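In: How does the following fold in three dimensions:
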Amino acid sequence: MGKIQYYSRPGCHLCQEGLILLKLVQEDVHFEIETINIEEDENIHEKYMFMIPVVEKNGSIIQYGTLDYITLLEALND
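Out: As a prediction, the model looks like this:
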């Protein structure tokens, strides 16, 4: 079982939709979601403020912005 980092912020509609999608992927692939609020860290905020939501695994960005099921499933299934 792996762990992914999910970068988002409160009030972000796209982030809420992305989290729902990640939870759907979790039904097929076992992984943990660590949700990170970009507003709690200035460096992370600066890095991701125009990209959120961002899904990261092992330090590499899997997908950001508009997430899609197939891309996430394939990336998290290995």
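In: I'd guessed Val25 sits against Glu74; true?
Out: No - checked against CB atoms under 8 Å, the pair Val25 and Glu74 is beyond contact range at 9.9 Å. For every residue, glycine as well, the C-beta is placed using N, CA and C.
In: who has more neighbours, those two?
Out: Using other CB atoms under 10 Å as the criterion, Val25 and Glu74 rank with Val25 on top: 22 against 12.
In: So what does the more buried one have for phi and psi?
Out: Val25 adopts backbone torsions of phi -60, psi -40, taken as degrees, to the nearest 10.
In: Secondary structure element holding the spatially closest residue to it that is not a sequence neighbour?
Out: Leaving aside its chain neighbours, Val25 sits nearest to Leu72 (4.8 Å; criterion: CB to CB, 6 or more residues apart in numbering). Assigned by DSSP states H and E, Leu72 falls within helix 69-76.
In: Centre of the chain to that helix, how far?
Out: Computed by CA atoms, centre = their mean, to the nearest Å, the chain-centroid distance of helix 69-76 equals 11 Å.
In: With stretch 12-27 instead?
Out: With CA atoms, centre = their mean, you get 8 Å for stretch 12-27.
In: and it, which residues are buried?
Out: Of all the residues in stretch 12-27, those buried under the rule 16 or more other CB atoms under 10 Å are 12, 15, 18-19, 21-22, 25.
In: And for stretch 52-63?
Out: 52-57, 62-63.
In: pLDDT of it, averaged?
Out: Stretch 52-63 shows a mean pLDDT of 96.
In: Next: stretch 68-78.
Out: Mean pLDDT, stretch 68-78: 92.
In: just stretch 9-21 next, same as before
Out: Averaging pLDDT along stretch 9-21 gives 96.
In: Output that stretch as PDB, restricted to C-alpha atoms.
Out: The C-alpha trace of stretch 9-21 is given here as PDB (Å, rounded to 0.1, in the frame of the first residue of the first chain):
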ATOM      1  CA  ARG A   9      -7.000  24.400   0.000                       C
ATOM      2  CA  PRO A  10     -10.300  25.100   1.700                       C
ATOM      3  CA  GLY A  11     -13.000  26.500  -0.600                       C
ATOM      4  CA  CYS A  12     -11.500  25.100  -3.800                       C
ATOM      5  CA  HIS A  13     -14.300  23.500  -5.800                       C
ATOM      6  CA  LEU A  14     -11.900  21.600  -8.100                       C
ATOM      7  CA  CYS A  15     -10.100  20.300  -5.000                       C
ATOM      8  CA  GLN A  16     -13.300  18.900  -3.500                       C
ATOM      9  CA  GLU A  17     -14.100  17.200  -6.800                       C
ATOM     10  CA  GLY A  18     -10.600  15.800  -7.000                       C
ATOM     11  CA  LEU A  19     -10.800  14.300  -3.600                       C
ATOM     12  CA  ILE A  20     -14.100  12.600  -4.500                       C
ATOM     13  CA  LEU A  21     -12.300  11.100  -7.600                       C
END
